Each structure stands twice: as structure tokens, then as C-alpha cells.
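Enquirer: sequence and predicted structure, then a few things I'm wondering about:
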Amino acid sequence: MTAPLRVGNASGFYGDRFDAVREMLTGGPLDVLTGDYLAELTMLILGRSRLKDPGRGYATTFLRQLEEGLGLAHERGVKIVTNAGGLNPAGLADAVRALAEKVGVPVRVAHVEGDSLPVPDGFLTANAYLGGAGIAACLRAGADVVVTGRVTDAALVTGPAAAHFGWGPEDHDALAGAVVAGHVLECGTQATGGNYSFFRGHDVRRPGFPVAEIHADGTSVITKHDGTGGVVDLGTVTAQLLYETGGARYAGPDVTARLDTVRLAADGPDRVRISGVKGEAPPPTLKAGLTRLGGWRNEVVFVLTGLDIDAKAQLVRDQIADAFDRAGRQPDEVRWELSRTDRADAPTEETASALLRLVVRDQDPDAVGRALSGAAIELALGSYPGFHVTAPPGKGAPYGVFEARYVPAGDVEQVAVLPDGRREAQEPAARTQALAEVEQPPLPAPLDAGPTRNAPLGLVAGARSGDKGGDANIGVWVRSDAAWRWLAHELTVERLRELLPETAGLTVVRHVLPNLRALNFTVHGLLGEGVAAQHRFDPQAKAVGEWLRSRRLDIPEQLLESADAPEVHA
């Protein structure tokens, strides 16, 4: 029987825990160590970096981590696969070779390119999301380190798995299993108790990074190194499976994984087995991400203390509007948000204070710079009592916009640049299948609720939310069959709109995933032009799920009484 391929993760974003590479290489056995450094916002950051220095455009943190990690990986026979190449994978590959020579470690370096697309006028970057075929080719050619640009997050796992087990492009079920494992790993410690709704049941002060033990049939076990913090259980894996996904079909360049077929089972302490994943041919198109500078933004936060909070807020709104009128124009977009963080008869000044946030945007930097700073600061001695701000407004800053488009897969040539310099073009999938919504599965029989009590949803349900461009997704799951019978019927789109009034007027789509006892909601347009545009208070929708969990509704008492019972999957 073929031994499983042990794939670890040491980075979920550009800026993740610096010493994770060393911890993963020294903490336990591994075959492959991956690092995900790219997000939608990161591509914009790297694009601006490349404008300043055409030789950059990659995640420089990765190089610093390799100063020690390269030798450790070589000693332990661990392959390193990362998308830290960003906009310049060839440049990072050269830098890794130079580092290897400097530290005296003989490593074979390869990279994958082809994701870079022609950049339309007005845009800064344009990159297609590639699959794992180029990574697999590099590893089959003997690479010790593989650097890529924009690939799907799961490709960092599908590539090594395909190379190790000899999977071909038609091995859809096995590839889909690796995609699911890769999706669990991609955000690092979110799979081991980080950002987890039921965090109070575990010590998650310093969660370890996750490991997937992948088998030849695509099944896997999610775990972590012995002795590291955090936890791997059915809840942490379910939460990450729902993160930034939509419907039952999870499409990628290698395969479309059917999330409605995923089955989870406890496999011992800090071990969760993933099985049953079915795969379908990938779609005929690749997702492409484009970034551009959207304009200029600025903000100021006014502190309102004590009595008459609403009247104080209205006064400063009127004064700012008047200042803009006298200046002859106001910014294209002016947004006010009053956060009532104050308490009556508060024991400290801070807890007696509310925050009034003003955000402005415009194509003209002067309209959000001098116009705003002058209007705000000139109010210092002539506005509401107790006037002060958290920080004086500056000159304003550029903000970015991310756009998703789709391009024919055949128009994008993925190339593996092997350790010996040979270039090996990767063929797109010969068989494709256009995406279509799956038929909604039947709901379980409704729960005979009995007596109910008005309580927060989060007493019985977990949630995880995130962003995809301007859309937000909210995954909600429960830990028992009885709770699922209630949730599936109670948390409709209409009920979600009632609980989250910010979704009013937006398109909300509900997806049902019975195997996970989960609902996944996509809220279209909640985030405006995406995270880089900082459209709302929580620009990546990270806490929308926790907001939902805090909302109250009538919950069957039998579920509240069993809320602390251990989770069991059939």
C-alpha cells in the first residue's frame, strides 16, 4: 500500500507567522511544505511594488524565511511549493538559487509561469488562476523548490499529489479529494482553531499549522504536528471547507470538486478524515483577477462622548456638508457610520464614547485630502462639546479595485520551467464541463421543536465568512442532526435578511450541504468593489458570520440544552 503524502502549510497570507516555516520543518515528518502568499489584495500590493522596482513583484518575506528553511528542508528531504512568486515567479526562482548558493545548500529550483495576461488599459495587473499541472511537472523533473505566480490556492496541493501518485487529468475523484484537502490547508491555522466560532473550548493562543496526509485515492486526513497548539476537529475542518466557497460545485482548472459529496469523520485526536469527494471535468474557462487603482480615499473618526450622541453626530454631519459646499464641491462618495459603542453612566470616558466614521472617495486626491482635512480640523473649537478625533486626517491614499473575469482555458499557456531550464508547456484539460447549479437536495424532516427560547443563533451554530471580490460568503453549520433539522428550515434567505439588515436590496443565494450539516450563503455586492476598495467597516466580511451568530431568534430549548454536547457525524 502506498504511503500517504504528507503535505503541510506554513503560510495563509503575505504576512503570516514568520517562524512557521521553521516550525513546520522541525516539528514533525513532512514530504511537501506549501505556502500561500497571494490574495486579491496582495496582487495589487505586488503590482505597486513592481512599479517601483521591475525586479520585484514577489513576496520577499518568503526569501527571508528560506535563509534558515532551505537547509532544514534539504536535510529532511522536504519539497517546498509556494505561490510567493506573485507577479514575478522567474525573479523569485533566481533569488532562491542565489540564496542557495550563498548558504551552501544544493537545491534544484523550478518555477511555473503563464498566468500573466495582457493588462488592459487602466489596470495594474491581470493574471489567470492556473492549476497544479505545472507544479507536478516541476516535481517530476526533480525540483526541490517550486515557485509559482497566480495559481489556485488548492493547486499547491493538487500538483504535488498528482506528481507523487501519478494521477492524470482524468482522475477527477482523486484530484477533487486533493482540492478539498488543499482548500482546508490554504488558510493555515484557520484549520487548526484560528478564527473559530467555538474557540472557547480549546487552547488556540498559538495554533499549529495544518498537515494533510493524502492517499492515492484522494482521501485525506487533516492533522497537525504533535505538541503544537490549537485543535483539528470536525468543526474546524467544516468551518474551513465553507470559507470563501459558494455552491456545491467548487470549480478549478484541474477539476470541479463536488462539496456536497464531502464526508468528514473523526480519526483520532486532532485527526479528521475526508472521504467520498467526487470530481467532475473542470470548466472550459479560467478565472482571471485584474487589479487597478480605483481612486483616492480618506477617513476621519470623530469621538462623541456622553449625552446627546445622536444630536452631536448630526451637528458634525451638517458642519462637514456645509464645509464641502463652501469649498465648491464634495467628494464623489461620502459615507457616514455611527457606531454606538457608548454606555449610559459609564465608568470610563472611553466606554462613554461613540465613534462617528466618515469615509470619502474621489478620483481627485485633493478632494479627499486638503478638502477633508481642512473641513475636519477647522471644527476643533466650534463643533459639538468634547470634540476630538482618533487621528487627524492625512492627505488621503489610493485605493484599489479587484475584478474577476473569465478567459478560455485554451488561451492561457501554462509553462513549467524545469530545474535544467527546459520549458514544458502544459496542455489544458481535454474534457471540460460547463458549470451549472446542482439540484437542491431534499431538506431533512423538520424538527418537532417543542418549547423555544429567544437566544443568539451562535449558541447552536458556528459560522465562517469571507470575501470573493465584491461578494461575501457566510457558511453556517451545526453539530448535531437535530440542530440540522431545525437550521435547514429556519435559516432561509428571508430570515437571513431579517437578521442582517445590511443585506437588504442585495441578491442572496442559499446553498444546502447536508453532508456537512451546513448552509452557505452568497451575498452579492456586500463588499462593493472588493477588499482593496475598503467599501465597508469590515472590508473582507471576516466577521459577518459572527455578527449573524450574535443575532437572536427563537431556538428550540432541546437544542440549547444540548449545545455543549460533542459533535457527531454519521
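Expert: Happy to help now that I have it. Numbers count the residues shown, from 1 in each chain.
Enquirer: quick one, strands of the stretch 151-300 of the chain?
Expert: 210-214, 220-224, 249-251, 256-258, 263-266, 272-275, 278-280, 285-305 (DSSP state E, counting those that start in this stretch).
Enquirer: now stretch 155-164: average pLDDT?
Expert: Summarised as a single mean, pLDDT over stretch 155-164 is 98.
Enquirer: what strand or helix carries the residue nearest to residue 362 when sequence neighbours are not counted?
Expert: Nearest residue to residue 362 in three dimensions, chain neighbours excluded: residue 331, at 4.1 Å (CB to CB, 6 or more residues apart in numbering). From N, CA and C alone the C-beta is placed, and that goes for glycine too. Counting by DSSP states H and E, no helix or strand carries residue 331.
Enquirer: mind starting the numbering at 830 from now?
Expert: In the new numbering, first residue 830, that becomes residue 1160.
Enquirer: who's in contact with residue 1160?
Expert: Going by CB atoms under 8 Å, 6 or more residues apart in numbering, residue 1160 touches 1153, 1189-1191, 1196-1197, 1200-1201.
Enquirer: gap between stretch 982-991 and the chain center?
Expert: 18 Å (CA atoms, centre = their mean, to the nearest Å).
Enquirer: can you give me the buried ones in that stretch?
Expert: 982-991 (16 or more other CB atoms under 10 Å).
Enquirer: the residues you listed in helices, which ones?
Expert: 984-991 (DSSP state H).
Enquirer: would TSV of these with distance to residue 1041 be doable?
Expert: What follows is those, written out as TSV (distance: CB to CB, whole Å):
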residue	distance to residue 1041
984	14
985	11
986	7
987	11
988	13
989	10
990	9
991	14
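Enquirer: show me which of these is closest to residue 1025.
Expert: residue 986 (21.4 Å; CB to CB).
Enquirer: name the nearest residue to that closest one, sequence neighbours excluded.
Expert: Using CB to CB, 6+ apart, the closest residue to residue 986 is residue 1011 (3.2 Å).
Enquirer: count the residues that sit near residue 1282.
Expert: The number of residues packed near residue 1282 is 13, by other CB atoms under 10 Å.
Enquirer: not counting its neighbours along the chain, what's nearest it?
Expert: Counting by CB to CB, 6+ apart, the residue nearest residue 1282 is residue 1386, at 5.4 Å.
Enquirer: so who does the one you found touch?
Expert: Residue 1386 neighbours (CB under 8 Å, 6+ apart): 1279-1282.
Enquirer: same check on residue 1315?
Expert: Residue 1315 neighbours (CB under 8 Å, 6+ apart): 1275-1276, 1278, 1289, 1307, 1384-1385, 1388.
Enquirer: same question for stretch 1372-1380, mean pLDDT?
Expert: 96.
Enquirer: buried residues, stretch 1187-1205. List them.
Expert: Within stretch 1187-1205, the residues that count as buried by 16+ other CB under 10 Å are 1187-1191, 1194, 1196-1198, 1200-1202, 1204-1205.
Enquirer: so where's the protein uncertain?
Expert: For the chain, the stretches flagged by pLDDT under 70 are 830, 1360-1362, 1364, 1392-1399.
Enquirer: need the longest helix for it.
Expert: Longest helix in the chain, counting residues (DSSP H): helix 1138-1156.
Enquirer: for that helix, packing partners?
Expert: Helix 1138-1156 sits against strand 1114-1134, strand 1162-1168, strand 1182-1191, helix 1199-1206, with contacts defined as 3 or more CB pairs under 8 Å, 6 or more residues apart in numbering; DSSP states H and E.
Enquirer: ok, residue 987 - contacts?
Expert: By CB under 8 Å, 6+ apart, residue 987 lies in contact with 960-961, 964-965, 1004, 1007-1008, 1011, 1081, 1083-1084.
Enquirer: skipping adjacent residues, who's closest to it in space?
Expert: residue 961 (3.7 Å).
Enquirer: what about the one you found, distance to residue 1065?
Expert: Per CB to CB, to the nearest Å, residue 961 is found 25 Å from residue 1065.
Enquirer: quick one: secondary structure of residue 1305?
Expert: strand (DSSP: H, G, I helix; E, B strand; the rest coil).
Enquirer: now for it: which residues touch it?
Expert: Counted by CB under 8 Å, 6+ apart, residue 1305 has contacts 1071, 1286, 1290-1292, 1316, 1320, 1347-1350, 1374, 1377.
Enquirer: save the strands of the stretch 980-1129 of the chain as JSON lines, and put in distance to residue 938 too.
Expert: Shown next, in JSON lines, are the strands of the stretch 980-1129 of the chain (distance: least, CB to CB, whole Å):
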{"stretch": "strand 1039-1043", "distance to residue 938": "24"}
{"stretch": "strand 1049-1053", "distance to residue 938": "27"}
{"stretch": "strand 1078-1080", "distance to residue 938": "31"}
{"stretch": "strand 1085-1087", "distance to residue 938": "30"}
{"stretch": "strand 1092-1095", "distance to residue 938": "37"}
{"stretch": "strand 1101-1104", "distance to residue 938": "31"}
{"stretch": "strand 1107-1109", "distance to residue 938": "31"}
{"stretch": "strand 1114-1134", "distance to residue 938": "26"}
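Enquirer: what's the most buried one of those?
Expert: Ranked by mean neighbour count under mean count of other CB atoms under 10 Å, these are led by strand 1039-1043, which reaches a mean of 28.
Enquirer: helices or strands up against it?
Expert: strand 834-838, helix 984-994, helix 1001-1014, strand 1049-1053.
Enquirer: what do you get if the cut-off is 7 Å, keeping everything else the same?
Expert: Contact here means 3 or more CB pairs under 7 Å, 6 or more residues apart in numbering; DSSP states H and E; on that basis strand 1039-1043 packs against strand 834-838, helix 1001-1014, strand 1049-1053.
Enquirer: so residue 982 sits against residue 1015, correct?
Expert: Yes - taking CB atoms under 7 Å as the definition, residue 982 is a contact partner of residue 1015 at 3.8 Å.
Enquirer: just to revisit the earlier point, highest mean neighbour count out of the helices and strands packed on strand 1039-1043?
Expert: helix 1001-1014 (a mean of 28).
Enquirer: next, the angle strand 1039-1043 makes with that one.
Expert: Computed with axes from the mean of the first three to the mean of the last three CA atoms, to 10 degrees, the direction of helix 1001-1014 lies at 170 degrees from that of strand 1039-1043.
Enquirer: ok so, going back, so what touches the longest helix of the chain?
Expert: Defining contact as CB atoms under 7 Å, 6 or more residues apart in numbering, one finds that helix 1138-1156 is touched by 1131, 1133, 1159, 1165, 1167, 1169, 1171, 1183, 1185, 1187, 1200, 1204, 1208, 1212-1213.
Enquirer: let's see that with 8 Å instead.
Expert: 1131, 1133, 1159-1160, 1163, 1165, 1167, 1169, 1171, 1183, 1185, 1187, 1200, 1203-1205, 1207-1208, 1212-1214, 1216.
Enquirer: now stretch 1214-1224: buried residues?
Expert: Buried residues in stretch 1214-1224, counted by 16+ other CB under 10 Å: 1216, 1218, 1222.
Enquirer: just the ones of those residues in strands?
Expert: residue 1218 (DSSP state E).
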